[in-house]
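1. Turn this into a model:
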Amino acid sequence: MEIIKLRDEYIKLGQALKAAGLVDSGVEAKIVITDGEVKVNGNVEIQRGKKLYDGDVVEFNNSQIKIVK
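-> Residues are numbered from 1 along each chain as shown. Here you go, the predicted structure:
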């Protein structure tokens, strides 16, 4: 599981996927999110700008990202 430490109050979903190295660009992040390939806390999320906070878990392509403060 990849851990992303928040520098601010939240990080947007597309930025988190890029920061974790699961996608190469914002365009790729947008595509996989809008195609319904990404889950946040177990639910499919299609909003690229979804704000992630401390404790949120993102799943994509058999990888997980945990957001921590």
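
2. What's the separation between residue 10 and residue 56?
-> 9 Å (C-beta to C-beta, to the nearest Å). Every residue, glycine included, has its C-beta placed from N, CA and C.

3. higher neighbour count, those two?
-> It is residue 56, of residue 10 and residue 56, that has more neighbours when counted by other C-beta atoms under 10 Å, with 20 against 15.

4. OK, contacts around that one?
-> 40, 41, 66, 67 (C-beta atoms under 8 Å, 6 or more residues apart in numbering).

5. now, which of these lie within strands?
-> 40, 66, 67 (DSSP state E).

6. now those in a markdown table, with distance to residue 34, neighbour count and pLDDT?
-> Output for those, formatted as a markdown table (distance: C-beta to C-beta, whole Å; neighbours: other C-beta atoms under 10 Å; pLDDT from 0 to 100):
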| residue | distance to residue 34 | neighbour count | pLDDT |
| --- | --- | --- | --- |
| 40 | 14 | 21 | 98 |
| 66 | 23 | 16 | 98 |
| 67 | 21 | 21 | 98 |
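
7. Can you add distance to residue 3 and give those residues back as a markdown table?
-> A markdown table is the format used below for those (distance: C-beta to C-beta, whole Å):
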| residue | distance to residue 3 |
| --- | --- |
| 40 | 16 |
| 66 | 5 |
| 67 | 8 |
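
8. mind checking the backbone torsions on the closest residue in space to residue 48 that isn't next to it in sequence?
-> Leaving aside its chain neighbours, residue 48 sits nearest to residue 14 (4.4 Å; criterion: C-beta to C-beta, 6 or more residues apart in numbering). Backbone geometry at residue 14, expressed as degrees, to the nearest 10, gives phi -60, psi -40.

9. And for residue 33?
-> phi -70, psi -50.

10. My guess is it contacts residue 44. True?
-> No. If you go by C-beta atoms under 8 Å, residue 33 and residue 44 don't touch, sitting 9.5 Å apart.

11. Comparing the two, which residue is more hemmed in?
-> Between residue 33 and residue 44, counted using other C-beta under 10 Å, residue 33 has the larger neighbour count: 23 against 12.

12. who touches the more buried one in this structure?
-> Per C-beta under 8 Å, 6+ apart, neighbours of residue 33: 13, 14, 17, 45, 46, 47, 48.
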